[in-house]
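Student: A structural model of the following input is requested.
(2 chains, ligands or ions: 1)
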Amino acid sequence: MLALDTATPAVTVALHDGSRVLAAAAEVDARRHGELLLPAVDRVLAEAGLKLDAVSDIVVGVGPGPYTGLRVGLVTAATFGAALDVPVHGLCSLDGIAYASGLTEPFVVATDARRKEVYWARYADAHTRLTEPAVDRPAEIADEVAGVPAVGAGALLYDTVFTGVRRDGPEHQSAAALAGLAARKLAAGEELLPPRPLYLRRPDAQVPANYKVVTPR
Amino acid sequence: MADPADARGGPLVLGIETSCDETGVGIVRGHTLLADAVASSVDEHARFGGVVPEVASRAHLEAMVPTIQRALKDAGIAASDLDGIAVTAGPGLAGALLVGVSAAKAYAYALGKPLYGVNHLASHICVDQLEHGPLPEPTMALLVSGGHSSLLLAPDITSDVRPLGSTIDDAAGEAFDKVARVLNLGFPGGPVIDRWAREGDPEAIRFPRGLTGPRDPRYDFSFSGLKTAVARWIEAKRAAGEEVPVADVSASFQEAVVDVLTRKAVRACKDNGVDHLMIGGGVAANSRLRAMAQRRCEDAGIRLRVPRPKLCTDNGAMVAALGAEMVARNRPASAWDLSADSSLPVTETHVPDPHAHGRGHDHDHFHELSKGNLYS
Ligand SMILES: [Zn+2]
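Tutor: A predicted model of the protein is given here:
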């Protein structure tokens, strides 16, 4: 199983054989997802001593995450799937971070959505999400998350709102965690998500009211 | 050395284009077009009066794999037969380019094929090989679309493209869009103005010809002043309570654009001793541009080459055409960390692996890269 995720500043790739991680790579650079992903896939395969045709399933984080980077992972996964004729499974990227936390108590995951907002969701434990992922201004959810254990770069960034932030918790996505979660869900016969992006916001675009008159008045 | 690709009629290359609002995947064998699959998001942009980058990028992601599969089916080939994958590396909308570049890399890597990141503008020129055969060297090219208006001299389309002039403000296609908006004709403006213009008198209103004075740059264009002049003329009519003669305005505006474009293109050919002119880009579909260029080229003894409209607008076939030429001329492939470059200069016809040097080494380097892949 090849897992990859570009929904957070981390460009992360892992190979998983269903029971353990064979190789993994992660580089944090929010502006170079496009350049870093393929070389990372190449490195992980080389490290595991495998060729891409050994891959039987592809797992990809579907976000939510900043769109430009998010699409790099999704289109790469979809194209691999088409070229190799193997299934492509989607997982909510927040779920991977939750899984990596290993927490057994209720908590929240929050990542940086930029524009002074966070992507976030509530969890009962590391592999049970309670709410749909949402995008909000931290101040608007302050009452809901105050004192609740929290992980992820969004919680670290707005620690005056996420007062229960765990500084030792996972900050960005790790494909190794994502693969582990996917393996667990697939083994349990659970259905994963279609590999389609969770944008949570509509594109910024304004319908022009009318053209600007050019004749001086 | 006999190249098996030559025996089959040239290299078999798949090209991916996502620089603007068309998701294009084309397949060519040398100079022969085998497939030209295009998914356009133009309707989603219409109500915004222009291309919205995020809307375009989202549409590219949705359309990418289905368009690749449609192209393969149309061409009737197996992906494993391809000699290479080409992709527009720039210029264009950054987020849109990135979807195509990422897909091309994944596809090339999975198939164990070399990747060629190529220049969008050079691809617009090279596509004419699919219509009229090998490009004369040098070729003079006039590229006009919503994103570009350039005069380019191309001694070798794979390695040597020289910019002579370009627009200093709006692209020609943008001027069409803006005038169409003032006339309430919708988006995109090019085709609808072309249609109205056929019913109108191109001499009815004398609109200004930008940058055509004796001291103006010889090969640069400017369409912003023209656009403003047309808007003012229409507003004056409306202010006076008179009906706006849409056909005459369209024809006269179009005449002004086409007059400047063809005049400067023919001048560039004469100045540089080039006897072939190629016109490409979306505006090359304009019927008046084709007619006037034909007449002026004939008068000047210049052979005009304009591909059919479907090949002039953005498409994957043009990228495949340039990719095939890169393979045929042994140009070095791109690296797996190829990035999309929204402002890739036209002089960079392709983006070779910066770590590769010389032909033999490039070849070895590619095989080394592909060792871990599927078919090696
Ligand atoms: Zn174009």
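
Student: Tell me where the chain has strands.
Tutor: Using chain A. With DSSP state E as the criterion, chain A has strands at A:2-5, A:10-16, A:21-28, A:58-61, A:88-91, A:107-112, A:118-125, A:128-129, A:134-136, A:149-151, A:164-165.

Student: switch to chain B, that's the one I care about
Tutor: Per DSSP E, chain B carries strands over the ranges B:12-17, B:22-29, B:32-40, B:84-90, B:115-119, B:139-144, B:149-156, B:160-166, B:276-280, B:303-305.

Student: Buried residues of the longest one, list them for me.
Tutor: Translated: strand B:32-40. B:33-40 (16 or more other CB atoms under 10 Å in any protein chain shown). The C-beta positions use only the backbone N, C-alpha and C, and glycine is treated the same way.

Student: on contacts alone, who are the packing partners of that strand?
Tutor: Here strand B:32-40 touches strand B:22-29, helix B:53-75, helix B:309-312, helix B:316-328, going by 3 or more CB pairs under 8 Å, 6 or more residues apart in numbering or on different chains; DSSP states H and E.

Student: repeat that for 7 Å
Tutor: strand B:22-29, helix B:53-75, helix B:316-328 (3 or more CB pairs under 7 Å, 6 or more residues apart in numbering or on different chains; DSSP states H and E).

Student: Could you do the first one as well?
Tutor: In this structure, strand B:12-17 packs against strand B:22-29, strand B:84-90, helix B:94-111, helix B:316-328, with contacts taken as 3+ CB pairs under 7 Å, 6+ apart.

Student: same thing with the fifth one?
Tutor: Judged by 3+ CB pairs under 7 Å, 6+ apart, the packing partners of strand B:115-119 are strand B:84-90, helix B:94-111, helix B:316-328.

Student: quick one, that strand and strand B:84-90 angle?
Tutor: 40 degrees (axes from the mean of the first three to the mean of the last three CA atoms, to 10 degrees).

Student: again, but for the first one
Tutor: Regarding strand B:12-17 and strand B:84-90, their directions subtend 20 degrees when assessed with the same axes, to 10 degrees.

Student: Would you mind writing the CA trace of strand B:12-17 as CSV?
Tutor: Extracted in CSV, the C-alpha atoms of strand B:12-17 (Å, rounded to 0.1, in the frame of the first residue of the first chain):
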residue,chain,number,x,y,z
LEU,B,12,4.6,8.4,-29.8
VAL,B,13,4.0,11.0,-27.1
LEU,B,14,1.1,11.9,-24.8
GLY,B,15,0.8,15.6,-23.9
ILE,B,16,-1.0,17.2,-21.0
GLU,B,17,-2.0,20.9,-21.0
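
Student: ok, that strand: who's next to it in the sheet?
Tutor: strand B:22-29 (antiparallel), strand B:84-90 (parallel) (DSSP bridges).

Student: State the number of residues packed around the closest residue to A:Phe107 other than its chain neighbours.
Tutor: In this structure, A:Phe107 finds its nearest non-sequential neighbour in A:Pro149, 3.9 Å apart by CB to CB, 6 or more residues apart in numbering or on different chains. Number of residues near A:Pro149 (other CB atoms under 10 Å in any protein chain shown) recorded here: 18.

Student: Tell me which residues touch A:Pro149, please.
Tutor: A:103, A:105, A:107, A:164, A:166 (CB atoms under 7 Å, 6 or more residues apart in numbering or on different chains).

Student: 8 Å instead, please
Tutor: A:103, A:105-108, A:164-166 (CB atoms under 8 Å, 6 or more residues apart in numbering or on different chains).

Student: Out of the residues you listed, which comes closest to chain B?
Tutor: The closest of the contacts of A:Pro149 to chain B turns out to be A:Val108 (CB to the nearest CB; 27.6 Å).

Student: what about the residue nearest to the closest one when sequence neighbours are not counted, how many neighbours?
Tutor: Closest residue to A:Val108 apart from its sequence neighbours, by CB to CB, 6+ apart: A:Ala150 at 4.8 Å. Other residues lying near A:Ala150 total 27 when counted by other CB under 10 Å.

Student: Quick check: bridge partners of A:His89?
Tutor: Applying DSSP bridges, one finds that A:His89 bridges with A:Val59.
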